[in-house]
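[1] I'll drop the sequence and a predicted model, then ask my questions.
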Amino acid sequence: MVTPRRVVLAPTAIADIDNIYLYIAENGDPKAAEGQIERLWSAFERLCTFPEHGRKRDLLARGLYSLVAGNYVVFYLPHDDRIEIVRVIHGRRDIEQEMVSFLKRHLLR
């Protein structure tokens, strides 16, 4: 029997999600911020069942995937027992540059 995967958030992803919530809540409405976080969690949970649904990002780091979730790009590493969310970045940012910088700091390469 295959054990279901679980979502694990890297500290950087936790910081990203906190910042997303704070930005939306402070510049709009807390209900909208809560809704956005719920949509992200739904995307994370879908990855537990369909981890290959995202785009392979092996040029950035071996085993890295990304998935567009609304205005955000979720970067993750699928493992046998978990989906590790490593970053959640707004799509208007320079995604490639953000990830190259992140990977250099965190040695995922």
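    Perfect, I can see it now. Being a predicted model, the structure only gives us computed values, none of them experimental.

[2] measure the spatially most central residue of the chain to Leu59 for me?
    Geometric centre of the chain, nearest residue: Val74, 2.9 Å, by CA atoms, centre = their mean. Distance from Val74 to Leu59, counting by CB to CB, to the nearest Å: 17 Å. Using the backbone N, CA and C atoms, a C-beta is placed for each residue, glycine as well.

[3] check Phe44 too.
    Distance, Phe44 to Leu59, using CB to CB: 23 Å.

[4] out of those two, which sits in the busier spot?
    Remark: of Phe44 and Leu59, Phe44 carries more neighbours, 22 against 8, as counted by other CB atoms under 10 Å.

[5] assess the claim that the more buried one and Ile85 are in contact.
    Yes: here Phe44 lies in contact with Ile85, judged by CB atoms under 8 Å, at a distance of 5.9 Å.

[6] please enumerate the shared neighbours of these two.
    7, 74, 76 (CB atoms under 8 Å, 6 or more residues apart in numbering).

[7] going by distance to Asp16, which of the residues you listed wins?
    If you rank these by distance to Asp16 using CB to CB, Val74 comes first, at 9.3 Å.
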